[in-house]
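>>> could you work out the structure for the sequence below:
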Amino acid sequence: MENVQKRILITGGAGFIGSHVVRLFVETYPDYQVYNLDSLTYAGNLENLRDIENKENYHFLKEDINDANAINSLFKECKFDSVIHLAAESHVDRSITDPLVFVKTNIIGTLNLLNAAKEQWKGDFENKIFYHISTDEVYGTLGEEGLFTEDTSYDPNSPYSASKAGSDHFVRAYGETYGLPYIISNCSNNYGPNQFPEKLIPLFINNIIDKENLPVYGDGKYTRDWLYVVDHAIAIDLAFHKGENKATYNIGGFNEWQNIDLIQLLCRLMDKKLGRTEGESAKLISFVRDRPGHDKRYAIDASKINKELGWSPSVTFEEGLEKTIDWYLANKDWLTNVTSGKYQEYYNKQYK
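As a prediction, this is how the structure comes out:
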């Protein structure tokens, strides 16, 4: 243990983005001890990390950030010197149905981590950092022009984005009030391997495979900026190691797409890869009633992290989407296990 350089707690590390961050840190920094804390809700899946689960510098902790006593005990026992906080409820539709769950996890859970870090570090903040991963949705919605910058005022429109905005504010407040060192990054829509199929791209890939309906909200002209998840993990790595204390970084893919254009591209690629007639999958598209509080457009200005830390996306959206489709088609068992709920059996088999 003498050579251990960092003891990093990564929350939500069995989830979509979290699993890519955990893998990157475990494989890139063998002298770091990486602790993956996840409560394994429906979106947490340890099969995402099967390839690194036996690494000596990887540790899995099944706990809930809503359990303040458990979090405090882990900070005392494991002596974390860094936190990368990704654990969150993140699906807008679910937040409309049950806002209190989002308040509990995204705000109270974050406060539990902040309090535990403050208590454990006791004002000795040298080489410590609390890195909070947030979303571009806290900024609200854009018109046809303009980009979200790090100075854009918060204007959340859904219970999900409001809860994330609240957690961002508490992180900054702990920095100002208690001196807790922090970094916040706000990212655009992520896509790529291992994403739970409630989100648009994996949901539609799965539905196209099964020849099921492709439900599109409203007129389909909602615009999003799309970021390949591996590029996001690399950006997090850079910000963690080279970012300034109390800095905010917007991380975007420079890939704005209207939903309907994205879906039509996805249909064309899927037809090609599945050997179907071109246009066959597009026939599955149907327009459904819009959801409440639906933001029209998100677009991120990622020039700050590009200029200060040298980060830029490694793939175009078309390249990333093709990689994503290839992964899902090559991992149909993963998709089947997730949609059936069988992935939850993996934890029982592996850890109980």
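>>> ok, now how distant is residue 106 from residue 66?
Residue 106 sits at a distance of 10 Å from residue 66 (criterion: CB to CB, to the nearest Å). Placement of C-beta: from N, CA and C, glycine included.
>>> who has more neighbours out of these two?
For residue 106 versus residue 66, neighbours defined as other CB atoms under 10 Å are more numerous around residue 106 (27 against 15).
>>> how about the more buried one, what does it touch?
Shown in contact with residue 106 (CB atoms under 8 Å, 6 or more residues apart in numbering): 88, 89, 160, 163, 164, 166, 167.
>>> please report phi then psi for it.
Here is the backbone geometry of residue 106 (degrees, to the nearest 10): phi -80, psi -30.
>>> tell me the pLDDT at the closest residue to residue 212 other than its chain neighbours?
Leaving aside its sequence neighbours, residue 212 sits nearest to residue 284 (CB to CB, 6 or more residues apart in numbering; 6.9 Å). pLDDT recorded at residue 284 is 95.
>>> is residue 284 in contact with residue 210, as I believe?
No. Applying CB atoms under 8 Å, one finds residue 284 not in contact with residue 210, separated by 9.7 Å.
>>> more neighbours: which of those two?
Neighbour totals were compared for residue 284 and residue 210, and residue 284 leads with 18 against 11 (other CB under 10 Å).
>>> secondary structure class for residue 291?
Three-state call for residue 291 (DSSP: H, G, I helix; E, B strand; the rest coil): coil.
>>> for the nearest residue to it once chain neighbours are set aside, what are its contacts?
With sequence-adjacent residues excluded and distances taken as CB to CB, 6+ apart, residue 291 is closest to residue 217, at 5.7 Å. By CB under 8 Å, 6+ apart, the contact set of residue 217 is 259, 287, 288, 289, 290, 291, 294.
>>> and for residue 302?
With contact taken as CB under 8 Å, 6+ apart, residue 302 is in contact with 250, 251, 252, 253, 254, 311, 312.
>>> quick one: least confident of the residues you listed?
Ranking those by pLDDT, residue 254 lands last with 85.
>>> isn't residue 66 right up against residue 110?
No. Contact between residue 66 and residue 110 fails when scored by CB under 8 Å: they sit 10.2 Å apart.
>>> who is residue 35 paired with across the strands?
Residue 35 has these beta-bridge partners by DSSP bridges: residue 9, residue 59.
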